[in-house]
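Participant: Generate coordinates for the sequence data below:
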Amino acid sequence: MTKPESAAHDAAVREDAAPDYDVVISGAGLAGSAAAILLARRGVRVALLERRSDPAAYKVLCTHSITANAYPVLDELGLVPALEKAGALHNDARWYTRWGWIEPRAAADGPELPYGYNIRRSVLDPLIRARAAETPGVDLLLGHQVTGLIRDAGRTVGVRASTPQGERELRARLVVGADGKDSAVAELAGVPSRQFENARFGYLAHFRNLPLHGGVGQTWFLDPDMAYAFPNDDGVTVLAVVPDKKWLPAFRKDLEGSFLDFFRALPEAPPIDSAERVSKIIGTVNYPLHSRKPTAPGVALIGDAALTGDPLWGVGCGWALESATWLAEAVAPAVAGGDLDKSLAAYARRHGRLQGHQRLAVDFAKARPFNPMERLIFSAAARDESLARHMHLFASRLIGPLQFLAPAIVAKAAVVNFKHRRTAAARSAQ
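Facilitator: Just a heads-up that it's a prediction; the model follows:
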């Protein structure tokens, strides 16, 4: 072979080996669509695969709430005006405890409390998916289900997908699993999953004409059972019960009656009997918490594929959006030809910040009574506005466990409770 012929052959080989895309994302839900938009805006060529063919498909079993930690992501995506136009509500909330209600309010001389949004996934998912499809650099491929990974020298370099037209291969420098807690990408890549038992079960339903105290979300910590009521778009309120599994056999005997009775018995119960139920009562009796390493050679996991929390905390949507942002920021400069492994390591380190939250959720998912620290903080927050605001920041995932349980906070909670007991003792002595 002459030198010109050899050069032409090498060029042809390189052309054949060139990836179809920089990134292939499996799953066009909240995490996958957000990642596709953010990557494409940074000059990355993205194939966004969705196994369902309906562009209006959405996740049904969800708290339908986006925590405040994800507001900057929504803002960067340009979705805030669209969400508010669609009727999304600020997810302000109050929490019942046996010591009274924890009611976070902005300080008189301070800014308003950070907020996210309550919006049903039937509205949110099609909205963000359509935004992804409109983004230059994103190819939304509906009806594409990942069935295998293409490997080369120990790393993933693409996917095989089942499509309405038959099997298809798509090559890319990075494959992203945004395909939920039962992630096919994670399983195919051999990423091990740690599972933690959830000792509670959950059921939810949507209602209309259900006014809530103060017009804000309500959560009941019944120690150890849980319930919540979140006002949502279009006048719909999402109600959920999350009891200890020991109640499951009796609950299942009369699902509707048990659901309604649970809410009727709550302190300051919402007027459920005068409301109109507009959905089925749906739920899950086994929802373990999952944790996976968020990267493998040529693979990244985001959203529930990387970390599935306890749904009673309502953090899944917020973490899905945050992890999409962290990934885009870490890998966008590298997928066109830089050090991808170094970028993936940076993403994994950032994602590791969620592990502290997850450890607390895993422990609470045992459906145990409040431990001494929880009793201290929750009782004090029901008695002190600044500690209630502190609880709000943690529930919004704007601070981590170390800040939440900082020595100064614990000391203040102890002082608040001591003063409360002293005042109560003085009153009883009168």
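
Participant: Now do the buried residues in the longest strand along the chain.
Facilitator: Within the chain, and with DSSP state E defining each element, the longest strand by residue count is strand 166-177. For strand 166-177, the buried set under the neighbour-count rule, 16 or more other Cβ atoms under 10 Å, comprises 170-177. Just so you know, the C-beta spots here come from the backbone N, C-alpha and C atoms, and that holds for glycine as well.

Participant: Do a quick rundown of the helices in the stretch 251-400 of the chain.
Facilitator: In order along the chain, the stretch 251-400 of the chain carries the following helices (DSSP state H, counting those that start in this stretch): 255-264, 316-331, 340-351, 355-364, 372-381, 385-395.

Participant: In this protein, where is pLDDT below threshold?
Facilitator: Along the chain, segments meeting pLDDT under 70 span 1-18.

Participant: Next, the contact list for V278, please.
Facilitator: 206-208, 236 (Cβ atoms under 8 Å, 6 or more residues apart in numbering).

Participant: Neighbour count for the residues you listed - can I get that in CSV?
Facilitator: Converted to CSV, these look like this (neighbours: other Cβ atoms under 10 Å):
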residue, neighbour count
H206, 22
F207, 22
R208, 12
V236, 23
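
Participant: Show me those that map onto strands.
Facilitator: The strands, defined by DSSP E, take in 206-208, 236 from the contacts of V278.

Participant: and those residues as JSON lines, adding distance to F196?
Facilitator: Output for the ones in strands among the contacts of V278, formatted as JSON lines (distance: Cβ to Cβ, whole Å):
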{"residue": "H206", "distance to F196": "29"}
{"residue": "F207", "distance to F196": "32"}
{"residue": "R208", "distance to F196": "36"}
{"residue": "V236", "distance to F196": "32"}
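
Participant: about what we covered before: packed most tightly, which of the helices of the stretch 251-400 of the chain would that be?
Facilitator: helix 316-331 (a mean of 26; mean count of other Cβ atoms under 10 Å).

Participant: what packs against that helix?
Facilitator: Under the contact definition 3 or more Cβ pairs under 8 Å, 6 or more residues apart in numbering; DSSP states H and E, helix 316-331 sits against helix 30-40, strand 65-66, helix 71-77, strand 307-308, helix 340-351.

Participant: Of these, which is nearest L266?
Facilitator: Nearest to L266, of all the helices and strands packed on helix 316-331, is strand 65-66, at 18.9 Å by Cβ to Cβ.

Participant: Tell me the strands beside that closest one, with direction?
Facilitator: Note on strand 65-66: by DSSP bridges, its sheet partners are strand 117-118 (antiparallel).

Participant: Tell me the first helix or strand C-terminal of the strand it pairs with.
Facilitator: Proceeding N to C from strand 117-118, the next assigned helix or strand is helix 121-133, under DSSP states H and E.

Participant: Strands of the stretch 101-250 of the chain, residue ranges please.
Facilitator: Applying DSSP state E, counting those that start in this stretch to the stretch 101-250 of the chain gives strands spanning 117-118, 138-142, 145-152, 155-163, 166-177, 193-196, 202-208, 217-221, 226-231, 236-242.
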